[in-house]
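Novice: I'll drop the sequence and a predicted model, then ask my questions.
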Amino acid sequence: MTEKLPKMNMYDRVPEGSERLSESEKVEQYVRSFEEPADHLLTQLDENIRKGEYSYILGLDASGRIPALIVGKYISEIYTQESRELPKRLFVAPQYEAVSTPQLKALFSNSEKIKETKKKVLIIDDTLFSGDSLRDATMELRKHGIPFDIGIFLAFNKDEEDIERIRIALDADALYVGEHTVFVDKFDDMNVVTPIIKRKELSGVYRGYSSDNTFSRRNVSKKNIPDNSLFRLGRKYATALAKDLMEKHSQKVK
């Protein structure tokens, strides 16, 4: 990362001086803010990755797309080195029924093959609060008997027992968390939770509702790229970060 960029973690406020950065530098700073939780998460996943356990990477749109790009690129680089078949990457809204997310039909049709080869799906999202979006996201996977792990960059207010209860409720083989944190600000003697910054415009999608009345209450992902340059920058810096993390972890393995 360029030295002049103020370092930011995904749970930090924007550092002083960031307002003077170019748009490209702001995108790089934002993507790099995922570095520490991504590093910790990939450290936990590394053994599974090097065994080739994941055949699909599912990112939750929209805010989970950059984390999924980072993890997906990391896994693809490792698989390439080891001459494994690259994992397929899908980005879908938390309602995972095939009727509202046609891109998952191929995944569901391959459920028997996935189970026969003992491969898994790896679901990636940026944050974990109550686990509600993950419950919706994993519904169809459970119906089809497809095994899956979950990787979260950042969990709020969750200790190990909380995480295990969520894992059991979701029927996930494993639930990995990059970092745990609690945000509390004092405001008029009240505790106010400080949210993380989310630049969803970098994902190229938005969460909306289906136009089909039958599924009018279902969230769906739709393409929305108002600024192609921002979308491309997000992917560029996510790829760069994944390569940096791969090099760092490769040194650890050696």
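Specialist: That came through, no problem. Since the structure is predicted, the reported quantities are computational estimates derived from the model, not experimental observations.
Novice: Centre of the chain to the lengthiest helix in the chain, how far?
Specialist: Scanning the chain for the longest helix, with DSSP state H as the assignment, gives helix 228-253. The gap between the average C-alpha position of helix 228-253 and the chain average comes to 14 Å, counting by CA atoms, centre = their mean, to the nearest Å.
Novice: Stretch 75-85 too?
Specialist: 19 Å.
Novice: give me the element residue 70 is part of.
Specialist: Here residue 70 is covered by helix 65-81, with elements defined by DSSP states H and E.
Novice: And residue 49, by the same measure?
Specialist: In this structure, residue 49 sits in helix 35-50 according to DSSP H and E.
Novice: buried set for that helix?
Specialist: Along helix 35-50, these residues count as buried under the neighbour rule (16 or more other CB atoms under 10 Å): 35-42, 45-46, 48-50. The C-beta positions use only the backbone N, C-alpha and C, and glycine is treated the same way.
Novice: re the thing from before, the longest helix of the chain to helix 35-50, inter-axis angle?
Specialist: Orientation note: helix 228-253 sits at an angle of 60 degrees relative to helix 35-50 (axes from the mean of the first three to the mean of the last three CA atoms, to 10 degrees).
Novice: residue ranges of the helices in the stretch 101-250 of the chain, please?
Specialist: Applying DSSP state H, counting those that start in this stretch to the stretch 101-250 of the chain gives helices spanning 105-109, 111-116, 132-143, 160-170, 228-253.
Novice: Need the ones you listed in CSV (columns: mean pLDDT, mean neighbour count and distance to residue 91).
Specialist: Converted to CSV, the helices of the stretch 101-250 of the chain look like this (pLDDT from 0 to 100; neighbours: other CB atoms under 10 Å; distance: least, CB to CB, whole Å):
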stretch, mean pLDDT, mean neighbour count, distance to residue 91
helix 105-109, 83, 15, 12
helix 111-116, 86, 14, 19
helix 132-143, 84, 18, 12
helix 160-170, 90, 14, 19
helix 228-253, 86, 16, 12
